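Asks: how would this look folded up:
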Amino acid sequence: DGVRFYAQQSANRSANLAADPLVKGATDSVESTGVNVAPSPLDYIDPNTIETIEVLKGPSAATLYGQDAANGVIVITTKKGRAGPARWTASVEQGRTQIEGDYPELVYGWGHLLSSGLPTNCPLTQVSPVNGLQAPCRFDSLTTFQLLNDPALTVLDHGHRTAASLGVSGGSSTLTYAVTGSYGDEVGLIKLPEYEADHYQALIGLTPPEWMRRPQNYQRWGVTANVTAQLGTHASVAFSTSLSRDRQQKSTLQSQLGNLMTTYLDRSSGIYWQAYPGVANYFRIVPNALDNYFQRVTATATAITNGANLQWRPQQWLTLTADAGVNWIQRDDQQFSPAAPVDNALYDTTGRGSDGQGGSLVSTVNLRANGVKPLGRGFQIRIAAGVNYAGTSSNDVAHGTSDLVPGSSLQGSTVRFVRRAEASDATFGWY
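Replies: Sure thing, here's the model as predicted:
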């Protein structure tokens, strides 16, 4: 439709704009936990409006769409209206998501300390994996356990999704139209276990907020319209426009899955045993199964796109095409860490907040000429020529504070960082 989307504009813009640069890995766009990874601009395209998807690779992609498409391009064509009376389409979706099956259970060795006779985790090899010396315990039993399989302890629950769309299309032989609106709301699988909610309330004196109990949420609404007009028998012009808003919410609770998979709970004593970092088959006592679920990360984007396409066939063997598009995305990202029952160098106990806002603009123009001239006897000659332009620009600003006392405002807090980033680029090409 003449509008260009970049799956990733830059490493910084693929991460949450409010990410704290003073925390290692927070601004990494390929962070393993995915907490700070922002939605891709491709997520802003409403699947209910897609007519066809075509993948181009190699020289043909770069020829048609410039050097930015040297590694390939996905051509998405949205639905157009067809001549005739108004046709209405509607859909409603309601579903539940879950993970089938169980996680593999781990084998834990237990014994007694030689010095005091107290029960302890004892490596099966009777050799300490920490220093290679004889383990200071006597092995006497084995147990199998997987915390994520226990309904009372796991952070995995059922998610649910609600979606609806409504569309209408129609028109005459000279003018057709198509309009589609959609809405979606999805809650993820991650939940805060009740035992940890009680632990949080006992330490803080406050009930965990809803975003902490069910942190994963994705909401989206959008409207797309297309109008196509026939200009005589040899030309047509099409206009498309769309407006959408996406909001993604996560928390650092999802980064705890790896630790929980290797955590054992002794129900009789309430003691947690967790895998020793970097050491196989060895576990240590930890004060709590979860040590970081206090950071809320939200990414909100409002996208406006406009595109125009003109096709003209001055000769039966020659087609001239002109595309122009504008894609504007306004971002509003936030990160918030309230008072938390941890003493960690990465998180304070008085709260942190950061806010990142920015806009990006992608403008494109493509002019193409394609000719297919029959030569007789089954032979034909193909001619293609064109010029293209792509311009991108972005302007982002972010700031972060700490020492946010519950119930207070940003006044009186400590400024942690302030940053601003601007970028612009333009590409011209011809073939």
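Asks: distance of residue 356 relative to residue 298?
Replies: Distance, residue 356 to residue 298, using Cβ to Cβ, to the nearest Å: 10 Å. Backbone N, C-alpha and C define where each C-beta goes, glycine included.
Asks: all helices for this structure, in order.
Replies: Per DSSP state H, the chain carries helices over the ranges 11-14, 59-65, 194-204, 210-213, 257-261.
Asks: quick one, strands of the stretch 101-250 of the chain?
Replies: Under the criterion DSSP state E, counting those that start in this stretch, the stretch 101-250 of the chain carries strands at the ranges 106-113, 119-121, 137-145, 159-171, 175-187, 217-230, 235-251.
Asks: which one of those has the lowest average pLDDT?
Replies: Lowest mean pLDDT of the strands of the stretch 101-250 of the chain: strand 119-121, a mean of 80.
Asks: pairing partners for it, with directions?
Replies: Here strand 119-121 has these sheet partners by DSSP bridges: strand 106-113 (antiparallel).
Asks: would you indicate which residues of the partner strand are buried?
Replies: Of the residues in strand 106-113, 106, 108, 109, 110, 111 count as buried by neighbour count, 16 or more other Cβ atoms under 10 Å.
Asks: and if you look at stretch 150-159?
Replies: Along stretch 150-159, these residues count as buried under the neighbour rule (16+ other Cβ under 10 Å): 153, 154, 155, 156, 157, 159.
Asks: quick one: which of these is nearest residue 306?
Replies: For the buried residues of stretch 150-159, the residue nearest residue 306 by Cβ to Cβ is residue 159; the value is 34.8 Å.
Asks: please name the residues that touch that closest one.
Replies: Contacts of residue 159 were listed using Cβ atoms under 8 Å, 6 or more residues apart in numbering, and they are 96, 97, 98, 186, 187, 188, 189, 216.
Asks: quick one: which of these is most hemmed in?
Replies: residue 187 (21 neighbours; other Cβ atoms under 10 Å).
Asks: what is the neighbour count of residue 326?
Replies: Residues lying near residue 326 (other Cβ under 10 Å) number 18.
Asks: for it, what are its contacts?
Replies: Residue 326 makes contacts with 3, 305, 306, 307, 361, 362, 363, as judged by Cβ under 8 Å, 6+ apart.
Asks: state the distance from it to residue 39.
Replies: Noted for residue 326: a distance of 20 Å to residue 39, by Cβ to Cβ.
Asks: and which of the buried residues of strand 106-113 is nearest residue 54?
Replies: So of the buried residues of strand 106-113, ranked by how close each gets to residue 54 (Cβ to Cβ), first place is residue 106, at 47.0 Å.
Asks: what's opposite that closest one in the beta bridge?
Replies: Per DSSP bridges, the residues bridged to residue 106 are residue 145.
Asks: would you confirm that it contacts residue 262?
Replies: Yes. Residue 106 is in contact with residue 262 according to Cβ atoms under 8 Å; the separation is 6.5 Å.
Asks: quick one: buried residues of stretch 164-171?
Replies: Within stretch 164-171, the residues that qualify as buried by neighbour count (16+ other Cβ under 10 Å) are 164, 165, 166, 167, 169, 170, 171.
Asks: ok, residue 57 - how many residues close by?
Replies: Using other Cβ under 10 Å, residue 57 has 12 other residues around it.
Asks: and what of residue 325?
Replies: 21.
Asks: report the separation between it and residue 351.
Replies: When Cβ to Cβ is applied, the distance between residue 325 and residue 351 equals 43 Å.
Asks: same check, this time on residue 271
Replies: Distance of residue 271 to residue 351, given as Cβ to Cβ: 30 Å.
Asks: who's more crowded, those two?
Replies: The residue with more neighbours, out of residue 271 and residue 351 and counting by other Cβ under 10 Å, is residue 351; that gives 20 against 13.
Asks: tell me the pLDDT at the residue lying closest to the more buried one once chain neighbours are set aside?
Replies: Across the structure, with Cβ to Cβ, 6 or more residues apart in numbering as the measure, the residue nearest residue 351 apart from its sequence neighbours is residue 404 (3.4 Å). The predicted local confidence for residue 404 comes out at a pLDDT of 75.
Asks: check residue 124 too.
Replies: The per-residue pLDDT of residue 124 was computed as 67.
Asks: likewise for residue 43?
Replies: 80.
Asks: can you get me a residue count around it?
Replies: By other Cβ under 10 Å, 18 other residues sit near residue 43.
Asks: my read: it touches residue 245, true?
Replies: No. Look at residue 43 against residue 245 with Cβ under 8 Å: they stay out of range, at 11.7 Å.
Asks: overlap in contacts, those two.
Replies: Contact with both residue 43 and residue 245 is made by residues residue 220, according to Cβ under 8 Å, 6+ apart.
Asks: re the thing from before, so which of the strands of the stretch 101-250 of the chain gets nearest residue 338?
Replies: Checked against Cβ to Cβ, the stretch from the strands of the stretch 101-250 of the chain lying closest is strand 235-251, at 11.2 Å.
Asks: the closest one pairs with which strands?
Replies: Under the rule (DSSP bridges), strand 235-251 has strand 217-230 (antiparallel), strand 296-315 (antiparallel) as partners.
Asks: just put the ones you listed in TSV and tack on mean neighbour count.
Replies: As requested, the strands paired with strand 235-251 are exported to TSV (neighbours: other Cβ atoms under 10 Å):
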stretch	mean neighbour count
strand 217-230	18
strand 296-315	18
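Asks: can I get these in TSV with distance to residue 389?
Replies: Below are those laid out as TSV (distance: least, Cβ to Cβ, whole Å):
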stretch	distance to residue 389
strand 217-230	23
strand 296-315	14
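Asks: can you tell me which of those is nearest to residue 141?
Replies: Shortest separation from residue 141 across those is recorded for strand 296-315, at 42.0 Å, computed as Cβ to Cβ.
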